[in-house]
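Engineer: What follows is a predicted structure for the sequence shown.
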Amino acid sequence: MRRLPHLNGIRAFDAAARRGSFAAAAAELNVSAAAISRMVRILEERLSVTLFERGANRLRLTPQGHAYHVGLSPLLDALAQLTDQVKAQAASRTLTIGVGPTFAVRWLIPRLASFQEAAPGIEVRITTGGAAAPFADDWTCGIKLGDGSWPGLIAERLFDADLVPVCAQRLAQRLKSPRHLKPHMLLRVAHAPEDWPAWLAAAGLPDIAARGPTFEFYGQALQAASDGVGVALGIRPYIDDDVAAGRLVAPFKLSVPKGSRWYLIFRAQRNQEPAFLAFQRWIRQAARTSSE
């Protein structure tokens, strides 16, 4: 438990030190000069330190009082700034979402019109927030793939991440079974080297090793797959729209859990922000719809 000093006394002391008199401090804090003097006296007693030299017509900081005020000033400034920030967040109608580029393009952005209909008047800002990106202080929330453990953040599970091979229709016609896959046609994602080994092992093909082109993001691999370059291993749910629209085809029924899930992540203090609460309600429903 924190052992804090007399906080009313701190306010009174700070005002008197800045203003140079109890009367001026009283005017600033809208109390009487006697009240300021009393609060400072209580603070001095609890600290066992004399903070002011009191004279008939003067008020002067003691060396200890000067040192205390110099140290307190930045702390009080920081407290005032934090208070303003929290108040501004509570009234904010701006929603900043940190999300990976592929998830943004393949799932979130196609559904933004639905969110704007559900919550008109909220300004939406989408910023980069891939798997390796740290949670930024100015984010309202983020959508990340992981195990649900991000220190200092609340993680709310949205949906599972299943690995599903996808490709163009003309290539799918030649793939009658997983055994028709060739190493050179398996498109890879640089930061997810474990995906193809996991799926191939589940398909009973641990002897096949992916040797196709490597891409930085899933979205690039999926675009290459739709252009007929090869077979990409996509993650649900953000391939579902492409499969439903025929832009990609899933040639095999086998899907394999990636071992991680999609989460909505946020700091606890965001829980009272109107923009966040509106987005949280909307994405919960959207996630349920995607999982059906």
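Structural biologist: Nice, thanks for sending it over.

Engineer: rest of the way, CA atoms for contacts and neighbours
Structural biologist: Will do.

Engineer: With adjacent residues omitted, what lies nearest to Y263?
Structural biologist: R157 (4.4 Å; Cα to Cα, 6 or more residues apart in numbering).

Engineer: separation between that neighbour and I265?
Structural biologist: 9 Å (Cα to Cα, to the nearest Å).

Engineer: Between those two, point out the one with more neighbours.
Structural biologist: I265 (22 against 19; other Cα atoms under 10 Å).

Engineer: which SS class is that one?
Structural biologist: In three-state terms, and counting by DSSP: H, G, I helix; E, B strand; the rest coil, I265 is strand.

Engineer: Do I have it right that it meets W139?
Structural biologist: No - the pair I265 / W139 is not scored as a contact, 10.0 Å apart, by Cα atoms under 8 Å.

Engineer: The lengthiest strand in the chain packs against which elements?
Structural biologist: In the chain, assigned by DSSP state E, the strand with the most residues is strand 154-166. Using 3 or more Cα pairs under 8 Å, 6 or more residues apart in numbering; DSSP states H and E, the elements in contact with strand 154-166 are strand 231-235, strand 256-266, helix 274-291.

Engineer: just checking, next helix/strand downstream of that strand?
Structural biologist: Remark: after strand 154-166, the chain's next helix or strand is helix 169-172, criterion DSSP states H and E.

Engineer: Let me see the mean pLDDT of that following helix.
Structural biologist: In this model, helix 169-172 has a mean pLDDT of 94.

Engineer: Return the distance of that helix from the chain's centre.
Structural biologist: 38 Å (Cα atoms, centre = their mean, to the nearest Å).

Engineer: Give the buried residues for the longest strand of the chain.
Structural biologist: Applying a neighbour-count criterion of 16 or more other Cα atoms under 10 Å, one finds 154-155, 157-166 buried in strand 154-166.

Engineer: Now do the helix or strand of the chain at the bottom of the mean pLDDT ranking and helix 274-291, the angle between them.
Structural biologist: Lowest mean confidence among the helices and strands of the chain (mean pLDDT, DSSP states H and E): helix 63-90, at a mean of 78. When axes from the mean of the first three to the mean of the last three Cα atoms, to 10 degrees is applied, the directions of helix 63-90 and helix 274-291 differ by 50 degrees.
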